[in-house]
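*Asks:* sequence first, then the predicted structure, then my questions.
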Amino acid sequence: MSTAALDCEVLVVGAGPAGSAVAAALAAHGRDVLLLEARAHPRPKACAEYASPRIVEELRRLGLADDAWRADALPLSGMRVIRGDDAVDVRYRDAAGPRSAWGLDRLVFDAALAAYAVASGARLWEHASFGEPLWTDGRVSGAVVSTPNGPATVTCRWLIGADGARSRVANRLGVERPVVVPRRLGMVAHYQGDAELADHGEMHVGPGWYVGLAPLAGGRLNVGMALPMDGRMGRTALERFQAGIDGIPAVAARLAGRRRLTPIRGASPIGHRVARAAGPGWMLVGDAAGFIDPFTGEGIYRALRSARAAAESLAGNDDGAEKRYLAARRRSFAAKDALTWLVQGMLAAPPIMGYALRRLASRPETAERLGSALGDCRPASDALSPLFLAQVLRP
């Protein structure tokens, strides 16, 4: 793209699922959208690559045909959560019956969504990085962008930050806040697959960290882990990654003799906190708007859902979009955030986590209700009621 094209109505920073989805939704309704991507598709992404069931509805709402993304996606019945000798199967069900989670290769999935945004009418500018916001009378009115040809100025009516958990947009807008707890280092690599894990994943909870094993199409296995950031698990990326595997015997047994297929990629800390997800002339979507932890596996759904909320809020093309978006986020995510923090509390107290797993393993209906809430197949508030918590925790 020529740097002469420097005006747009909506400037979206980041062509991952959240950014490409909001760009596609707005462009399909005739909005002038410029989508920035710091690298070029296809590009690897440090991600667990396990998506909860309701991404299907979000992608259909967006207008993306099922065959545009399912060819490289693997349906999964759910995730088996394991801590020592305790284990429970997390499954998903909504009013229509059982639902599948998905193993997604982000290299392929992100490229397909970005291509769909372009097909919907958005302009995609690759190798272009957000630098600083521009302000006019207290409202964001554009951005300084770094390109291979040098810095450029882009004017816009709305700036949408979809640049992930390390969001430069959030940082430069002054709304980023430090991650206090949980502070974890995320590391990911692909391995040769395991025939015993062809239709479900495993989440292994260790003494202070966890490792997820998520099957992918093509006989591959995503090995993702969240490690403590206290330096006790080695100094180099390889040392830390191997220590995460070796420290949980069941994971070491799963991966014994299996070849690592990709470099180890990581990010720290995993989470992201912001003081506010929208303001005059700007919005944050996906992980850029805040992210607690990948343990509960809703990141891609949340990216798509927040993208839809942003696009719907901007449909009125007035200054009320900011308030509409913040209200939509509260309706969509407040209860789920509370449930996610409850799960984080159990992770921080291993005896309680083990007790809850044993109780859930003996109460499959209760386990399915919790799994369905975690998978966004039923309201998260269903798993927060005192009655439900008593069903989980009673002896």
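*Replies:* Yes, it's here. As the structure is a prediction and not an experimental result, all values here were calculated from the model.

*Asks:* for the rest of this, base every contact and every neighbour count on C-alpha atoms.
*Replies:* OK.

*Asks:* what pairs with the host helix or strand of residue 132, parallel or antiparallel?
*Replies:* Per DSSP states H and E, residue 132 falls inside strand 129-136. Each strand paired with strand 129-136, and its direction, by DSSP bridges: strand 139-147 (antiparallel).

*Asks:* and the residue nearest to residue 208 when sequence neighbours are not counted, what are its bridge partners?
*Replies:* Of all residues not flanking residue 208 in the chain, residue 228 sits nearest, at 6.7 Å (CA to CA, 6 or more residues apart in numbering). Beta-bridge pairing for residue 228 (DSSP bridges): residue 184.

*Asks:* residue 228 contacts residue 181, doesn't it?
*Replies:* No. Using CA atoms under 8 Å, residue 228 is not in contact with residue 181; the gap is 10.8 Å.

*Asks:* so those two - more neighbours on which side?
*Replies:* residue 228 (21 against 12; other CA atoms under 10 Å).

*Asks:* who touches that one in this structure?
*Replies:* 183, 184, 185, 208, 209 (CA atoms under 8 Å, 6 or more residues apart in numbering).

*Asks:* now swap in residue 341 and tell me
*Replies:* With CA under 8 Å, 6+ apart, residue 341 has these contacts: residue 292.

*Asks:* picking that back up, of the contacts of residue 228, just the buried ones, PyMOL syntax please.
*Replies:* To isolate the buried members of the contacts of residue 228 in PyMOL, using 16 or more other CA atoms under 10 Å:
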select buried, resi 183+184+185+209
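
*Asks:* any idea which helix is longest in the protein?
*Replies:* helix 321-348 (DSSP state H).

*Asks:* any idea of the angle the helix or strand just after that one forms with helix 321-348?
*Replies:* Moving toward the C-terminus from helix 321-348, the next helix or strand (DSSP H and E) is helix 350-361. With axes from the mean of the first three to the mean of the last three CA atoms, to 10 degrees applied, the angle from helix 350-361 to helix 321-348 works out at 100 degrees.

*Asks:* tell me how far helix 350-361 lies from the chain's centre.
*Replies:* The chain centroid and the centroid of helix 350-361 are separated by 26 Å under CA atoms, centre = their mean, to the nearest Å.

*Asks:* next one: stretch 16-32
*Replies:* With CA atoms, centre = their mean, you get 18 Å for stretch 16-32.

*Asks:* alpha carbons only: can I get it in PDB?
*Replies:* Provided in PDB are the C-alpha atoms of stretch 16-32 (Å, rounded to 0.1, in the frame of the first residue of the first chain):
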ATOM      1  CA  GLY A  16      -5.300 -11.000  14.600                       C
ATOM      2  CA  PRO A  17      -8.800 -12.400  15.200                       C
ATOM      3  CA  ALA A  18     -10.100  -9.300  17.000                       C
ATOM      4  CA  GLY A  19      -8.700  -6.800  14.600                       C
ATOM      5  CA  SER A  20      -9.600  -8.700  11.400                       C
ATOM      6  CA  ALA A  21     -13.100  -9.400  12.700                       C
ATOM      7  CA  VAL A  22     -13.900  -5.800  13.600                       C
ATOM      8  CA  ALA A  23     -12.400  -4.600  10.300                       C
ATOM      9  CA  ALA A  24     -14.400  -7.100   8.300                       C
ATOM     10  CA  ALA A  25     -17.700  -6.300  10.100                       C
ATOM     11  CA  LEU A  26     -17.300  -2.500   9.600                       C
ATOM     12  CA  ALA A  27     -16.000  -2.700   6.000                       C
ATOM     13  CA  ALA A  28     -18.900  -5.000   5.100                       C
ATOM     14  CA  HIS A  29     -21.200  -2.100   6.100                       C
ATOM     15  CA  GLY A  30     -19.400   0.400   3.900                       C
ATOM     16  CA  ARG A  31     -17.100   1.900   6.500                       C
ATOM     17  CA  ASP A  32     -13.600   3.000   5.300                       C
END
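
*Asks:* this completes my enquiry, with thanks.
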